[in-house]
Every structure is written in C-alpha cells, then in structure tokens.
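In: sequence and predicted structure below; questions after.
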Amino acid sequence: MKNSSIFVMTILSMKRFLADIVTLFNLFLGCTALIFAGYQQFIPAFWLLFAAGWADFLDGMVARAVGSNSSLGVQLDSLADMVSFGVVPGMIMVQLLGIGLDLSPGFNWTLLGFTITVFSCIRLAIFNVKDSGSQDFSGLPTPSSTGLVAGWGLAYAHHPELSWMVHPVTLIGITLLVSVLMVSRLPMVGMKFKNWRWQGNAIRYVLIATGIILLIILKEWAFSALIAAYITLSAILFLIRPGTAKKVQDQ
C-alpha cells in the first residue's frame with residue numbers, strides 16, 4: 001500500500017513537467033534537424049521541423065490540461081523555439097544560398113541566410129515582453145516563417161533541376177520577406193487552440209482544411225504555399241475586421 005502511494009505521488013509530481021517534456025522534445029527535434037540541414041539533407045530536416053512544430057503546438061495545451069503553467073515553461077518554450085524556428089531555418093537558407101551562389105574568395109554571402117535567425121530572435125523577444133495571452137498577434141510567427149523556408153528546401157530537394165529556386169535573388173527575397181514579416185505590425189491569426197469549438201476557431205479550421213487540400217494537390221509544394229495562404233488570409237481577415245486589427249496592433 002505504501003509503495004502504491006509513493007508511485008501515485010510520483011506520477012502526480014511528474015505530471016507538472018509533462019508540458020516541459022514536450023517543449024524539450026521540440027528542442028531535441030530542432031537540434032537533430034540542424035544536423036541534417038548542415039549536410040543539405042532538406043527532406044529529413046523538414047520533417048523533423050514539422051514534428052517540432054507539432055510539439056510546439058501541443059505543449060501549451062498539455063500545460064493547460066494538467067494545470068502546470070509556469071514562468072519556467074514559458075522560458076523553455078521560447079528557448080526551444082529559438083533553436084527549432086530560428087537557428088535551423090537560418091541554416092537551411094545558408095545551405096540553399098551555398099548551392100545557388102558561385103562562391104569566390106572574400107565575404108561569404110551565404111551567411112546572409114542567418115538574417116532569418118537574427119530576426120527570429122528579435123521576434124521571440126518582442127513576443128515574450130508583449131504577450132497578452134491573446135490567440136491573435138502581430139507579425140509572422142517563427143514556426144510559420146520556418147514552414148516557408150523549410151518547405152522551400154523540401155520542394156527544392158524534390159526538384160533540384162529547378163535552378164531558379166536557389167537563385168540568390170529568389171532566396172534573398174524570401175529571407176528579407178520573412179525577416180520583415182516577423183517583426184512587422186501585420187495582424188496574424190494565432191494557430192494555437194484554447195478549445196476545440198468552432199466558435200472562435202473558425203479561421204483556424206479553415207486554414208487547416210486549406211492545408212489538407214493544398215497537400216493533396218500540391219504535395220511537396222504545399223507547405224510553402226500554405227504559409228503564403230496563411231499570410232494572405234490573415235491580412236484579408238483583419239482588413240474586413242479593422243476593429244480586431246487595431247486591438248491586435250495595440251497589444
């Protein structure tokens with residue numbers, strides 16, 4: 001009986017750390033993706049980041065489910081995101097630029113890919129100090145910017161004959177786009193659910209359905225296309241709901 005009580009107490013005490021374990025799994029997946037990205041293995045890097053994105057999506061829900069919200073968990077989440085959705089997409093862009101650029105002695109222009117990492121850091125810092133608990137916020141989330149970059153790498157890995165995909169102008173354009181969007185005031189729809197009801201989550205379900213349709217039709221092109229659709233739909237939504245846009249921008 002005593003041993004059973006100890007076991008139950010141990011399980012209950014471990015429950016507090018479930019969300020942190022999910023967050024740390026996100027970090028582990030990101031570190032593993034970084035290795036593959038460094039070797040230009042964009043397909044496994046993408047799927048590891050895809051799994052990391054799900055871990056990032058679920059950790060908050062797990063925390064609320066077990067009642068373990070803590071300041072430590074918030075910091076762990078931000079630090080894990082910096083690796084998975086900051087360092088790794090920067091490395092992917094560096095490697096893509098390395099393929100597209102004819103490197104010569106002098107400045108290594110591929111390092112411009114780490115602009116994404118720098119702006120991801122700024123984005124996460126802004127989000128940390130201005131987080132109001134709202135499901136919506138301003139600026140492109142780091143998981144979404146990573147989805148665009150990693151999705152681009154995935155598509156190129158399937159179609160290496162498309163040299164325009166790694167042309168420096170194309171890649172620098174993507175780098176500047178996601179970097180600016182991450183720190184912009186553009187209102188964005190948050191993709192983390194506080195509940196599963198349709199009311200209040202309709203646009204999120206629409207985006208998920210859009211993603212499934214794009215995946216069926218576009219296959220490896222779907223992920224970058226989905227992020228483009230996400231940016232477009234967010235902009236349209238807040239243009240037709242200016243009051244909500246102002247509320248988000250004032251946060």
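Out: Yes, it's here. Residues are numbered from 1 along each chain as shown.
In: quick one: contacts for the residue most central in space within the chain?
Out: Closest to where the C-alpha atoms of the chain average out (Cα atoms, centre = their mean) is Pro143, at 0.6 Å. By Cβ atoms under 8 Å, 6 or more residues apart in numbering, Pro143 lies in contact with 53, 56-57, 81, 84-85. Heads up, the C-betas are built off the backbone N, CA and C, glycines and all.
In: so how far is the helix or strand where it lies off the chain centroid?
Out: Counting by DSSP states H and E, the element that carries Pro143 is helix 142-158. Distance of helix 142-158 from its chain centroid, counting by Cα atoms, centre = their mean, to the nearest Å, is 10 Å.
In: can you name every helix or strand that the helix or strand that it is followed by contacts?
Out: Note on helix 142-158: by DSSP H and E, the next helix or strand toward the C-terminus is helix 168-182. If contacts are counted by 3 or more Cβ pairs under 8 Å, 6 or more residues apart in numbering; DSSP states H and E, helix 168-182 sits against helix 88-100, helix 115-130, helix 142-158.
In: just checking, Ser144 touches Leu226?
Out: No: using Cβ atoms under 8 Å as the test, Ser144 is too far from Leu226 to be in contact (9.1 Å).
In: restrict the helix holding Pro143 to CA atoms and write it as PDB.
Out: What follows is helix 142-158, C-alpha atoms only, in PDB (Å, rounded to 0.1, in the frame of the first residue of the first chain):
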ATOM      1  CA  THR A 142       8.600  31.900 -36.100                       C
ATOM      2  CA  PRO A 143       7.100  28.400 -36.800                       C
ATOM      3  CA  SER A 144       5.300  29.900 -39.800                       C
ATOM      4  CA  SER A 145       8.400  31.600 -41.200                       C
ATOM      5  CA  THR A 146      10.200  28.300 -40.700                       C
ATOM      6  CA  GLY A 147       7.500  26.500 -42.500                       C
ATOM      7  CA  LEU A 148       8.000  28.700 -45.500                       C
ATOM      8  CA  VAL A 149      11.800  28.300 -45.500                       C
ATOM      9  CA  ALA A 150      11.900  24.600 -44.700                       C
ATOM     10  CA  GLY A 151       9.100  24.000 -47.200                       C
ATOM     11  CA  TRP A 152      11.100  25.700 -49.800                       C
ATOM     12  CA  GLY A 153      14.000  23.500 -49.100                       C
ATOM     13  CA  LEU A 154      11.800  20.400 -49.200                       C
ATOM     14  CA  ALA A 155      10.400  21.400 -52.600                       C
ATOM     15  CA  TYR A 156      13.900  22.000 -54.000                       C
ATOM     16  CA  ALA A 157      15.100  18.700 -52.700                       C
ATOM     17  CA  HIS A 158      12.400  17.100 -54.800                       C
END
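In: and it with helix 88-100, angle?
Out: Interaxial angle of helix 142-158 relative to helix 88-100 (axes from the mean of the first three to the mean of the last three Cα atoms, to 10 degrees): 30 degrees.
In: and helix 142-158, what's buried?
Out: For helix 142-158, burial by neighbour count (16 or more other Cβ atoms under 10 Å) applies to 142-157.
In: count of neighbours near Ala65?
Out: By the criterion of other Cβ atoms under 10 Å, Ala65 has 12 neighbours.
In: flag the shaky bits of the chain, pLDDT-wise.
Out: For the chain, residues meeting the criterion pLDDT under 70 lie at 1-16, 103-107, 131-136, 191-195, 200, 241-251.
In: correct me, but Leu140 touches Arg185?
Out: No: between Leu140 and Arg185 there is no contact under Cβ under 8 Å: 11.2 Å.
In: quick check, Leu140 in a helix?
Out: No: assigned with DSSP: H, G, I helix; E, B strand; the rest coil, Leu140 falls outside any helix and is coil.
In: helix 142-158 and the helix or strand hosting Ala209, what's the angle between them?
Out: Per DSSP H and E: Ala209 is located in helix 202-218. Helix 202-218 runs at 10 degrees relative to helix 142-158, counting by the same axes, to 10 degrees.
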